[in-house]
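>>> Have a look at this prediction, sequence included:
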Amino acid sequence: MGAEHRMKLRTHLLIVLVLGVLTFGSAALQAAAAAPDSTANSTFRLVCPLH
Amino acid sequence: MTLRRSTTVVVVAGCLIAVVTYGMRASLGLFTQPLSDLRGWDRETFAFAIAIQNLLWGIGQPFAGAIADRYGSGRVLAGGGVLYVAGGVLMASSTSGAALTLSGGVLLGLGLSGASFLVVIAAFSRLVPPDRRSWAIGLATAAGSLGQFLFAPLGQAFLSEYGAATALVLLSGFVALVPLLAIALTGRGDDVSDEPEVSTVAGIRGALAHPSYLMLTCGFFVCGFHIGFITTHLPPYLTDLGFSGSLAAWSLALIGLFNVIGAYTAGVLAGTRSQRLLLSGIYAGRAVLFALFLIVPTTPAVVLLFGAGIGLLWLSTVPPTSGLVAVMFGTRHVGMLFGFVFLSHQIGAFLGVWLGGVVYEATGAYDLMWWLSIALALAAAAVHLPILERRAPEWAPSTA
């Protein structure tokens, strides 16, 4: 099934790397910039797109 | 008129819609305090509007899916995008609690239903070739996760620079891109041509009488329960254990990173492996992870490892769950039928959030909730095993 469209492992890894770096970078930026009085609750609300 | 476009254009547009709509949605939490301070609202007023938004989003999803199934996802996404922008702009200018409920609650909730990731999934199910469908859904799931993290610092920067009302209008401006991007997702694809004509009502009846669909719906309920409980109650749980908010924030970064890996990988695997077994494995993995988190002494390293582990299993349920709906019923009513599955997810999320509070108030601890989460995870792992991973008999493609 779908052999004609099978992507190379390298392509998959590249996609995950780009998305992962952007996501982790943005999240790390937020974590680093978090004010001392900010609540963890407001931060965790960002985790799930379904909420 | 038949619109010719490449799969790449469809996938990129769908992923950008997921980035924008979930980014905006996730950023709304940043406005709770500043907008309440600006308008003199108490926390309850804002919370009520957001609760209405969540309710309408969940209830509206099957309807948005049904309209997308009938008239094409592009139109629903465009309409949802317009409502979303209107809700955001009017929310920024609302001065009363009632106006906030109508704008941030009703309009944004309906906008979310129409411009949501689930409608994008419905579009992918029809417009992306079957062999790349799960991959595309996994990619869009990961993109939605990216949007949340990308928009949070952006929203914070707008807030600091321009104040709450202007920042909300500026963020809404990004959502104005959705109707434009939706052009790439118009049409219903060619896949339904060989599928039997099933009316909407008959589709709902048939699905609700199909045991595998009901089991899948029950499984996604558990996913919602876990996510609702953890997003709301893990931070205070960590605080109770004496950990700082900074540790929670870094855990979040790991959840985000591993969620991208998990969702994308699940999308790839769902295209080549058994989707029911994949789901069963994900829920079993959650049970093991929760049990370890409860049993192993909680240190910062354990919290971070838990964040990475739960990130890996977080939204990885989406590609195989939506994929199974398409396997069972084809793509004619996939938006509506996945909408109902999503509704069960939202009900589970509501119960996870609410019961967490009830249990904590009654016992002074979350232990009972963790054990309940483990039990539900094991039940979900078991309930996916008997699912028939093939087209339901009355939905089989015509061979003529």
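Nice, I can see it. Since we're looking at a predicted model, the values are computed, not measured. Numbering: from 1, shown residues only, chains lettered A, B, ... in the order given.
>>> Pick out the residue nearest the middle of chain B.
Nearest residue to the geometric centre of chain B (Cα atoms, centre = their mean): B:Phe117, 6.8 Å.
>>> Contact partners for that one?
Taking Cβ atoms under 8 Å, 6 or more residues apart in numbering or on different chains, we find B:Phe117 in contact with A:49, B:17-18, B:21-22, B:140-141, B:144. No exception for glycine: its C-beta is placed from N, CA and C like everyone else's.
>>> Quick check: buried residues in stretch B:50-68?
Under the neighbour-count criterion of 16 or more other Cβ atoms under 10 Å in any protein chain shown, stretch B:50-68 has B:50, B:52-54, B:56-58, B:60-68 buried.
>>> next one: stretch B:367-382
B:369-370, B:372-374, B:376-378, B:380-381.
>>> Show me the contacts of B:Phe117 that map onto strands.
Residues of those located in strands (DSSP state E): none.
>>> Of these, just say which sits nearest to B:Leu351.
Nearest to B:Leu351 out of the contacts of B:Phe117 is A:Pro49 (Cβ to Cβ; 19.3 Å).
>>> Check the closest one and give its pLDDT.
For A:Pro49, the pLDDT comes out at 41.
>>> same check, this time on A:Lys8
82.
>>> how close does the closest residue to B:Arg286 other than its chain neighbours get to B:Trp370?
Nearest non-adjacent residue to B:Arg286, counting by Cβ to Cβ, 6 or more residues apart in numbering or on different chains: B:Ala377, 4.4 Å away. Separation of B:Ala377 from B:Trp370 (Cβ to Cβ, to the nearest Å): 10 Å.
>>> Quick check: neighbours shared by those two?
Common neighbours of B:Ala377 and B:Trp370 (Cβ under 8 Å, 6+ apart) are B:Phe290.
>>> Now for the closest residue to chain A within the stretch 1-150 of chain B, how many residues are close by?
Residue nearest to chain A within the stretch 1-150 of chain B: B:Asp131 (2.4 Å; Cβ to the nearest Cβ). Per other Cβ atoms under 10 Å in any protein chain shown, the neighbour tally for B:Asp131 reads 15.
>>> thought it was touching B:Ala270?
No - under the criterion of Cβ atoms under 8 Å, B:Asp131 makes no contact with B:Ala270, lying 11.6 Å away.
>>> Mind checking which of the buried residues of stretch B:367-382 land in helices?
Under the assignment DSSP state H, the buried residues of stretch B:367-382 contribute B:369-370, B:372-374, B:376-378, B:380-381 to helices.
>>> Contacts only, for B:His333.
B:65-66, B:69, B:198, B:200, B:203, B:207.
>>> which of the residues you listed has the most neighbours?
With neighbours defined as other Cβ under 10 Å, the most crowded of these is B:Gly65; it has 30 neighbours.
>>> so where's the longest helix in the chain?
Went with chain A since none was named. Counting by DSSP H, the longest helix found in chain A is helix A:9-33.
>>> oops, chain B please
Scanning chain B for the longest helix, with DSSP H as the assignment, gives helix B:130-162.
>>> what's the following helix or strand after that one?
For helix B:130-162, the following helix or strand on the C-terminal side (DSSP states H and E) is helix B:164-175.
>>> elements contacting that following helix?
helix B:7-27, helix B:32-39, helix B:73-93, helix B:130-162 (3 or more Cβ pairs under 8 Å, 6 or more residues apart in numbering or on different chains; DSSP states H and E).
>>> Lowest average confidence across these, which one?
When the helices and strands packed on helix B:164-175 are ranked by mean pLDDT, helix B:32-39 comes last with a mean of 83.
>>> is any part of it close to chain A?
Yes - using Cβ under 8 Å from any Cβ of the partner chain, helix B:32-39 reaches chain A at B:Thr32.
>>> Give me the contact list for that helix.
With Cβ under 8 Å, 6+ apart as the test, helix B:32-39 has contacts from A:42, B:41-43, B:45-47, B:91-92, B:94-95, B:100, B:159, B:163-165, B:168.
>>> what do you get for stretch B:79-91?
B:21, B:24, B:35, B:64, B:99-100, B:102-104, B:106-116, B:119, B:168-169, B:171-173, B:175-179, B:182.
>>> Now that we have those, which of them are buried?
The neighbour-count test (16+ other Cβ under 10 Å) marks B:21, B:24, B:35, B:64, B:99-100, B:102-104, B:106-116, B:119, B:168-169, B:171-172, B:175, B:177-179, B:182 as buried among the contacts of stretch B:79-91.
>>> Among those, name the ones in helices.
By the criterion of DSSP H, membership of these in helices covers B:21, B:24, B:35, B:64, B:99-100, B:108-114, B:119, B:168-169, B:171-172, B:175, B:177-179.
>>> still on that earlier bit, present the helices and strands packed on helix B:164-175 as TSV; the columns should include distance to B:Phe220.
Listed next are the helices and strands packed on helix B:164-175 as TSV, based on distance: least, Cβ to Cβ, whole Å:
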stretch	distance to B:Phe220
helix B:7-27	18
helix B:32-39	28
helix B:73-93	20
helix B:130-162	14
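>>> distance of B:Thr298 from chain A?
Look at B:Thr298 and chain A: by Cβ to the nearest Cβ, to the nearest Å, they are 15 Å apart.
>>> correct me, but that residue touches B:Tyr237?
No - using Cβ under 8 Å, B:Thr298 is not in contact with B:Tyr237, being 9.2 Å away.
>>> Point out where chain A drops to low pLDDT.
Filtered on pLDDT under 70, chain A yields the residue ranges A:1-6, A:32-51.
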